[in-house]
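*Asks:* this is a predicted model, with the sequence first.
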Amino acid sequence: MEGIVGYGAYIPVHRIKVEEIAKVWGADAPSYKRGLMLEEKSVPSPDQDVITMSVQAARYAVKRAGIDPKKIGNIYIGSESHPYAVKPSGTVVAEAIGCTPDVHCADYEFACKAGSEGMFVSYGLVKAGLVEYGLGIGADTSQGAPGDALEYAASAGAAAFIFGRENVLATVDATASYMTDTPDFWRREHQFYPRHASRFTGEPAYFKHTVGAGKMLLEESGMKPEDFQYATFHQPNGKFPMRVGKMLGFTPEQIKQGWLVPKLGNTYSGASPLGLTAILDVAKPGDKVFMVSYGSGSGSDGFVFTVTERIKKVQDLGPKTWDQLNRQKYLDYGTYAKFRGKIHKLEVK
Amino acid sequence: MFAARHWREIPRRYRMEAGKCTTCGKVFFPSRLICDACKNKEFETVTLPDEGEILTYTVIRTPPSGFEDEAPYAVGIVKLGDVQLLTQIVDCEFDKLAVGGKVRVEFRRIQESGKSGILCYGYKCVPA
Amino acid sequence: MRDVAVIGVGINKWGELWDKSLRDVFVEPALKAIDDAGVDHIDAMYVGCMSSGLFVAQEHLSSLLTDYLGMGPIPCCRVESACASGGLAFRQAYIDVASGANDIVLAGGVEKMTDVDGGGATYALATAADQEYEAFNGVTFPGLYALMATAHMHKYGTTREQLAHVAVKNHANGVLNPEAQFPMEVTVEQVLNSVLVADPLRLLDCSPITDGAAAVILCPLDMAKKIAKNGAAKIVASGHSTDTIAFHSRKDLTEIASTQRAAEKAYKMAGVGPNDIDFAEVHDCFTIAEICVTEALGFFEKGHGGKAAEAGETARDGKMPINPSGGLKSKGHPVGATGIAQIHEVVQQLRGNAGKRQLKNPKRGLAQNMGGSGGSSLVHILEAI
């Protein structure tokens, strides 16, 4: 039966605390921390981007899958921060893991849903028998405009999943997609920072689509929230995934393992996929996992997984998500601004 | 053509492919057309291990053009299997760098050809 | 092969020569050398220059420099071996005269480095390293020598202070050299407190960015004895060797093997050993370089170069005076000119023309010039006649 045969996560080592950002803008840090349920976020160094993080996550996924990378038939990277506007990110990953030229490759963009899209289509191609293995990656080095609410959360990370038919570590039991045209967050061509529609991003956007996909998923699988050991949702801040979990009938205990956002920030396309990697790191055979992503614009993808016996053999074959999250080097705002390309040293020519 | 120049190094920079002399076994990174040890002209492709140790290191405070925004950064000579190579050492505390320190290879952006040119990726090391 | 001598030398005041272009920087000392030799013509020219292309966007120096020197149609060859370009130009001139192809040959070196900014100069110099596997990763020349320093300190216990002593000694010598770019004394404390460039190397461990040139005139020894106006020095050995372009490919990261091999050849050719050398001009592009080079030349045991510098053994009054000119450190380092300036100093010392910095009656001097991190080295030995 089709499912995940390998997975990998990558989180940069650098962090900045909410207090450090709030200090610069004269914002009230305690209320931000409480309101967003956010303590700190990951920051990519100047030599890290969606491509580098995707390569690392993909390498760990190949290691866990234990397959010949030449057998990977497609690579789809979902991101809203591809380093090039024109030129694929996926081709670099394909070369780096050694699976060219017999491979289909595309970069996806659907705000924060792009990662689960890559997973969804990879799974679909495997199920259709078009490829032996399919690699779907969600990765972002998201940018929040200085001083904007997004700046406290926009962070960096990547998660990679290889789908296949045999030797799976988790089967895919049900999928769902729920989509409407809802302009709650966007970035126009040639603009550096995205914009958002403030509180409009809540009820009519995040909650409507996440709950919509979640309900479809429960219906499709014929399961109830209490049947699941774990659930993970798109996590733009700490509060939203907890609230949507409650709306669907999940408990905080089911959500906690994949609830990375208080320490990680919002990794956009990487958010719910990274939540899934954190769950797979500790899951036991037979565990059921519920996952719903969300991307502005807007839409949600959902998956139901059942973890298999093979999970025990692969968990230690790559760096675990919480281990990466618990290894931090803190930055001051000035260094963070330099790392994120907000300030540059004068180049004299 | 800068793009071509980087492109032809992809097997080395992305996958760390080296050439192993089919006669005497000496490993070259990058591979070559002739072995300096035994003058054999045939090599098999081998991939360097992704973990190794620091043989020597420094911290670049005065960077060449193109690296201004990265300085200061550490550079080391690292032994990966049979090969010694020069690489940046990132995500490290400068005062914890040491000869014999263990490192692991990560995929990173190395340089870019100006703000509108191509991005060059390759290998760097991080503390293991 | 004919015996060959140097009969004329010329150098100009080195430094940031804002008002002089590359051609003028070169022609001045070349004319001085021709005048010093007392010749009315030259038959051929070899000019060392590392990177006029990157520094001033000018190639084709063979035409430019013969043209502006007023030597019109004579043959000229521009020679490049990174920072050893000058030493290599001298060797080519020596072989030309020794072979009998030409009689009176000028060997010169020039670099005009200040028409680019610091980052541009650092970039240009870094092209002497392996472009794809060293420079690509952001390493600089101070960085490569810093890697050598870290390795030397780790293997032999060489200290930060010992490195500083090299700079202190060379600056003390440079004070006596009217052509030096930085003829000022520095203290160990000043070196240790100067700004970090590439740990553990600091600004005062590094040779400067310099505009400058030097030239010498060679001719057959027999002719020299007849025509030399201000005396001559005999070239008794020329040794040349190369090594891997990439520093990281070297077996021992504390050794400059190309210098060791070039020295072995030169000692053999001259029929002498390191103990027979009275003084040497060596390539102290960085303080650690002088330490490694004095070991490679056999003046000190491996790992003892730093201790020797600290003990004053390399001072002008020490048992092996190193860089009486002030070296690259104090005199300056216009890369292509350095190898020729070293010959200039050796000849002046052997002819007794070194002014305030004159050593006591030296009979045999050595000049060691190297390119990159030691990817090429030249060792010449000259004797007083």
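*Replies:* Right, received. Where do you want to start? Residues are numbered from 1 along each chain as shown, chains lettered A, B, ... in the order given.

*Asks:* wait, C:Ala30 sits on C:Ala215?
*Replies:* Yes - using C-beta atoms under 8 Å, C:Ala30 is in contact with C:Ala215, at 4.2 Å. Backbone N, C-alpha and C define where each C-beta goes, glycine included.

*Asks:* relative to chain B, how far out is A:Gly222?
*Replies:* For A:Gly222, the distance to chain B equals 42 Å [C-beta to the nearest C-beta, to the nearest Å].

*Asks:* looking at C:Ala30 and C:Ala215, which is more packed in?
*Replies:* More crowded of C:Ala30 and C:Ala215, by other C-beta atoms under 10 Å in any protein chain shown: C:Ala215, with 36 against 29.

*Asks:* now the host helix or strand of the more buried one, how far from the centre of its chain.
*Replies:* Using DSSP states H and E, C:Ala215 falls within strand C:212-220. Relative to the centre of its chain, strand C:212-220 is centred 13 Å away, using C-alpha atoms, centre = their mean, to the nearest Å.

*Asks:* can you check stretch A:277-284 too?
*Replies:* 15 Å.

*Asks:* follow-up on the earlier one: and for C:Ala30 and C:Ala215, which residues touch both?
*Replies:* Common contacts of C:Ala30 and C:Ala215 (C-beta atoms under 8 Å, 6 or more residues apart in numbering or on different chains): C:10, C:106, C:108.

*Asks:* okay, those residues in a markdown table with distance to B:Val126 and neighbour count next?
*Replies:* Output for the shared contacts of C:Ala30 and C:Ala215, formatted as a markdown table (distance: C-beta to C-beta, whole Å; neighbours: other C-beta atoms under 10 Å in any protein chain shown):
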| residue | distance to B:Val126 | neighbour count |
| --- | --- | --- |
| C:Gly10 | 53 | 23 |
| C:Leu106 | 53 | 30 |
| C:Gly108 | 48 | 33 |
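
*Asks:* tell me the one of these nearest A:Ala57?
*Replies:* C:Gly108 (57.5 Å; C-beta to C-beta).

*Asks:* any idea how far the closest one is from C:Arg23?
*Replies:* Applying C-beta to C-beta, to the nearest Å, the value for C:Gly108 to C:Arg23 is 12 Å.

*Asks:* cool, C:Lys265 as well?
*Replies:* C:Lys265 is 35 Å from C:Arg23, by C-beta to C-beta.

*Asks:* those two - which one has more neighbours?
*Replies:* Set C:Lys265 next to C:Arg23 and count neighbours by other C-beta under 10 Å: C:Arg23 wins out with 19 against 15.

*Asks:* which strand or helix spans the more buried one?
*Replies:* Applying DSSP H and E, one finds C:Arg23 within helix C:22-37.

*Asks:* helices or strands up against that helix?
*Replies:* strand C:4-11, helix C:52-56, helix C:61-69, strand C:105-111, strand C:212-220 (3 or more C-beta pairs under 8 Å, 6 or more residues apart in numbering or on different chains; DSSP states H and E).

*Asks:* helices or strands up against the shortest one?
*Replies:* Based on contacts counted as 3+ C-beta pairs under 8 Å, 6+ apart, the elements that helix C:52-56 packs against are helix C:22-37, strand C:105-111, helix C:118-126.

*Asks:* residues in contact with that helix?
*Replies:* C:21-22, C:58-59, C:61, C:110-113, C:115-116, C:120-121, C:123-124, C:127, C:336.

*Asks:* buried ones only from these, please, as a ChimeraX command.
*Replies:* Burial among those is assessed by 16 or more other C-beta atoms under 10 Å in any protein chain shown; the matching ChimeraX selection reads:
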select /C:22,58,61,110,111,112,113,116,120,121,123,124,127,336
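
*Asks:* can you list the weak-confidence ranges in chain A?
*Replies:* Low-confidence segments of chain A (pLDDT under 70): A:347-349.

*Asks:* angle of the strand holding C:Ala215 against strand C:4-11?
*Replies:* 160 degrees (axes from the mean of the first three to the mean of the last three C-alpha atoms, to 10 degrees).

*Asks:* in CSV, list the C-alpha atoms belonging to strand C:212-220.
*Replies:* Extracted in CSV, the C-alpha atoms of strand C:212-220 (Å, rounded to 0.1, in the frame of the first residue of the first chain):
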residue,chain,number,x,y,z
GLY,C,212,56.5,49.5,-6.9
ALA,C,213,59.1,48.1,-9.3
ALA,C,214,62.7,47.0,-9.4
ALA,C,215,65.1,46.1,-12.2
VAL,C,216,68.5,44.5,-12.5
ILE,C,217,70.9,44.1,-15.4
LEU,C,218,72.6,40.8,-16.1
CYS,C,219,75.5,40.0,-18.4
PRO,C,220,78.2,37.3,-18.9
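
*Asks:* which elements pack onto it?
*Replies:* strand C:4-11, helix C:22-37, helix C:85-99, strand C:105-111, helix C:335-351.

*Asks:* if we go to 6 Å?
*Replies:* strand C:4-11, helix C:22-37, strand C:105-111, helix C:335-351 (3 or more C-beta pairs under 6 Å, 6 or more residues apart in numbering or on different chains; DSSP states H and E).

*Asks:* just put those in a markdown table and tack on distance to C:Met370.
*Replies:* Compiled in a markdown table, the helices and strands packed on strand C:212-220 are given as follows (distance: least, C-beta to C-beta, whole Å):
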| stretch | distance to C:Met370 |
| --- | --- |
| strand C:4-11 | 20 |
| helix C:22-37 | 22 |
| strand C:105-111 | 14 |
| helix C:335-351 | 9 |
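
*Asks:* which of the ones you listed sits closest to A:Ala278?
*Replies:* The nearest among the helices and strands packed on strand C:212-220, by C-beta to C-beta, is helix C:335-351 at 54.9 Å.

*Asks:* helix C:85-99 and the closest one, what's the angle between them?
*Replies:* Using the same axes, to 10 degrees: helix C:335-351 against helix C:85-99 is 60 degrees.

*Asks:* just the buried residues of the host helix or strand of A:Gly118, please?
*Replies:* Using DSSP H and E, the element containing A:Gly118 is helix A:114-128. Using 16+ other C-beta under 10 Å as the test for burial, helix A:114-128 gives A:114-127.

*Asks:* how about stretch A:186-202?
*Replies:* Buried, per 16+ other C-beta under 10 Å, within stretch A:186-202: A:187, A:194, A:196, A:201-202.

*Asks:* what about these, which are in helices?
*Replies:* Using DSSP state H, no member of these falls in helices.

*Asks:* could I get those in TSV, plus columns for distance to chain C?
*Replies:* As requested, those are exported to TSV (distance: C-beta to the nearest C-beta, whole Å):
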residue	distance to chain C
A:Arg187	31
A:Pro194	31
A:His196	37
A:Thr201	41
A:Gly202	45
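
*Asks:* including distance to A:Trp322, could the residues you listed go into TSV?
*Replies:* Shown next, in TSV, are the buried residues of stretch A:186-202 (distance: C-beta to C-beta, whole Å):
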residue	distance to A:Trp322
A:Arg187	31
A:Pro194	28
A:His196	29
A:Thr201	28
A:Gly202	28
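
*Asks:* specify which member of those is nearest to chain B.
*Replies:* Proximity of the buried residues of stretch A:186-202 to chain B (C-beta to the nearest C-beta) peaks at A:Arg187, which lies at 18.6 Å.

*Asks:* any idea how far C:Val25 is from that closest one?
*Replies:* For A:Arg187, the distance to C:Val25 - C-beta to C-beta - is 54 Å.
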